[in-house]
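# turn this into a model:
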Amino acid sequence: MKVRHLILVIVSVVAIFYLTSVVVAQEQDWYSYGPYGGEITALAINPNNDNTALVGVHGGGVYITHNAGNSWAHLETGIPPNANLSSLSFDARDSNIVYATVFGGVYQSINGGTNWNQVSGSTFAGEEIWTLVVVPTSQ
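Sure thing, here's the model as predicted:
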């Protein structure tokens with residue numbers, strides 16, 4: 001009987017410790033480090049450097065970080081300022097090539113997101129493009 005009681009006490013202590021650690025893990029402080037603007041609608045992490053990421057913000061704008069999100073820079077070149085970005089995708093073979101989708105178009109950057117050019121022409125005029133995936137192919 002004493003062994004059974006001891007096992008029950010040990011199991012109870014372990015359970016209390018586990019539940020306490022779960023509750024403590026959920027009580028975290030959240031801080032806003034940017035980017036600032038509307039809601040984030042797109043995210044792409046550089047497949048060759050996980051410290052670099054791009055986010056698209058509702059109402060236009062692409063932000064970039066090179067230090068895992070500690071600071072963000074707003075990139076304003078090539079995508080209309082009021083565009084609603086829906087996805088961002090790095091090319092895994094060449095992470096300088098990035099694609100962004102907006103209502104009615106696809107944009108491409110060949111310098112890591114600094115400058116953008118529309119590459120879809122009128123192919124997607126009036127179409128809502130939610131996701132674009134870059135699939136590497138063998139050369």
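
# hey, where'd the strands end up in this structure?
40-45, 53-57, 62-65, 73-75, 85-90, 98-102, 105-109, 117-118 (DSSP state E).

# listing partners with orientation, what would you give for the last one?
Note on strand 117-118: by DSSP bridges, its sheet partners are strand 105-109 (antiparallel).

# tilt between the partner strand and strand 85-90?
Angle, strand 105-109 to strand 85-90, by axes from the mean of the first three to the mean of the last three Cα atoms, to 10 degrees: 40 degrees.

# pull the distance from strand 105-109 to the chain's centre.
How far strand 105-109 lies from its chain's middle: 18 Å, per Cα atoms, centre = their mean, to the nearest Å.

# same check, this time on stretch 99-108
16 Å.

# what about that stretch, how long is it end to end?
Using Cα to Cα, to the nearest Å, the end-to-end distance of stretch 99-108 comes out at 5 Å.

# what lies in contact with that stretch?
The contact list for stretch 99-108 (Cβ atoms under 8 Å, 6 or more residues apart in numbering) reads 42, 56, 62, 78-80, 83-89, 91, 97-98, 109, 116-120, 123-132, 134. For glycine as for every other residue, the C-beta is placed from the backbone atoms N, C-alpha and C.

# which residue is nearest the middle of this protein?
With distances taken as Cα atoms, centre = their mean, residue 43 lies nearest the centre of the chain, 2.8 Å away.

# how about the nearest residue to that one, chain neighbours excluded?
residue 55 (5.3 Å; Cβ to Cβ, 6 or more residues apart in numbering).

# how much space separates that neighbour from residue 125?
Distance, residue 55 to residue 125, by Cβ to Cβ, to the nearest Å: 26 Å.

# looking at those two, which is more packed in?
Shown here are residue 55 and residue 125; by other Cβ atoms under 10 Å, residue 55 has more neighbours (22 against 10).
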